[in-house]
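Participant: need a 3D model of the sequence below.
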Amino acid sequence: MSDVFEEHRNLLFAVAYRMLGTAADAEDAVQDAWIRWSAADRADVQDPKAYLVRITTNVALDRLRSARVQRETYVGPWLPEPMLTSPDVAEGAELSESVSMAMLVVLETLSPLERAVFVLKEVFGYPYAEIARALDRTEASVRQLGTRSRKHVEARRPRFEAGAAERRAATERFLDAVVGGDLNRLMESLAPDVTMWTDGGGKVRAPKKLVHGVDLVGRFLSGIRDRPYEGVDPGAWRMRRVEINGAPALVVDGPDRPMSAITVAVGADGRVEEIHLVANPDKLRAIAEGRTLEM
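Facilitator: Okay, the predicted model is just below:
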């Protein structure tokens, strides 16, 4: 029984993470699925994998509905929890995009049911008939949800004309400028209408509204290096390059813990259109633990 569950644990976590946006919530959902699996009568279960995905999806749906209410009172912008990924994740373009911070931000704008259908269909390739059984809906209604969610995502996802290699190179140029403190190169790497999200969750110092425009974003990024942050002097910071959610990223470490994680989305012109800065310590636990997203 446990062997079957463990065989599919990574898949279940991957589904739950894309549904919920945080590693902690996804792990709780997987644990709830294990409890239900342990208590279920499996005599008629012909496909354990499909059965487990169905349980996990419905647990995640319940949690997502509750989380959406809580996020309405969240202090400042809400961002997904960043997770370390291995370089091979970035080699699969579709898989990499499905866990990108930019995509997870877009998925937050879907209804819970739309998000479930999009994740199962567009990311994991489940047929509508199977999704309908998992959600206890008619296939026709699930198809409608799928069409609506796909159009919604397409209208809001970043537009890429450059290939993956070019986008990675543009991201690297931005990160080089941040690490090197080169203001001119930093400003050149930003799109005129760049938007920065800063998630401190009310627990650390961070702007409580989105920061728009190259001048404001550039000044913010260059200014944060000039003063202590949460009692840690800039001289004690350590910046390390990592892969987060399928793309190059930057983690700023203090003496005893990560203080922030920075990811970006690159636009069609090869410049940074979105910056996602997560500083809420609750959302840096997976990075602090070195946990890697497997799928």
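Participant: check which residues of stretch 60-67 are buried.
Facilitator: By neighbour count on 16 or more other CB atoms under 10 Å, the buried set for stretch 60-67 is 60-61, 63-64, 67. C-beta here means a position set from N, CA and C on the backbone, and glycine is covered the same way.
Participant: contact partners of stretch 168-185?
Facilitator: Residues outside stretch 168-185 that contact it (CB atoms under 8 Å, 6 or more residues apart in numbering) are 90, 162, 186, 188-190, 218, 221-222, 225, 239, 241, 247-250, 262, 264, 266, 270-272.
Participant: again, 10 Å this time
Facilitator: 90, 96, 162-163, 186-190, 218-219, 221-222, 224-226, 234, 239-241, 247-250, 252, 262-267, 269-272, 275 (CB atoms under 10 Å, 6 or more residues apart in numbering).
Participant: average pLDDT across that stretch?
Facilitator: The average of the pLDDT scores along stretch 168-185 is 91.
Participant: chain center to it, what's the gap?
Facilitator: 22 Å (CA atoms, centre = their mean, to the nearest Å).
Participant: please report how far the spatially most central residue of the chain lies from Val278.
Facilitator: The centre of the chain sits closest to Met101, judged by CA atoms, centre = their mean, with a distance of 3.9 Å. Met101 sits at a distance of 8 Å from Val278 (criterion: CB to CB, to the nearest Å).
Participant: identify the contacts common to these two.
Facilitator: In contact with both Met101 and Val278: 79-82, 197, 244, 261-263, using CB under 10 Å, 6+ apart.
Participant: now those residues in JSON lines, with secondary structure and pLDDT?
Facilitator: Compiled in JSON lines, the shared contacts of Met101 and Val278 are given as follows (DSSP: H, G, I helix; E, B strand; the rest coil; pLDDT from 0 to 100):
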{"residue": "Leu79", "secondary structure": "coil", "pLDDT": "96"}
{"residue": "Pro80", "secondary structure": "coil", "pLDDT": "96"}
{"residue": "Glu81", "secondary structure": "coil", "pLDDT": "97"}
{"residue": "Pro82", "secondary structure": "coil", "pLDDT": "97"}
{"residue": "Trp197", "secondary structure": "strand", "pLDDT": "96"}
{"residue": "Ile244", "secondary structure": "strand", "pLDDT": "95"}
{"residue": "Ala261", "secondary structure": "strand", "pLDDT": "97"}
{"residue": "Ile262", "secondary structure": "strand", "pLDDT": "96"}
{"residue": "Thr263", "secondary structure": "strand", "pLDDT": "95"}
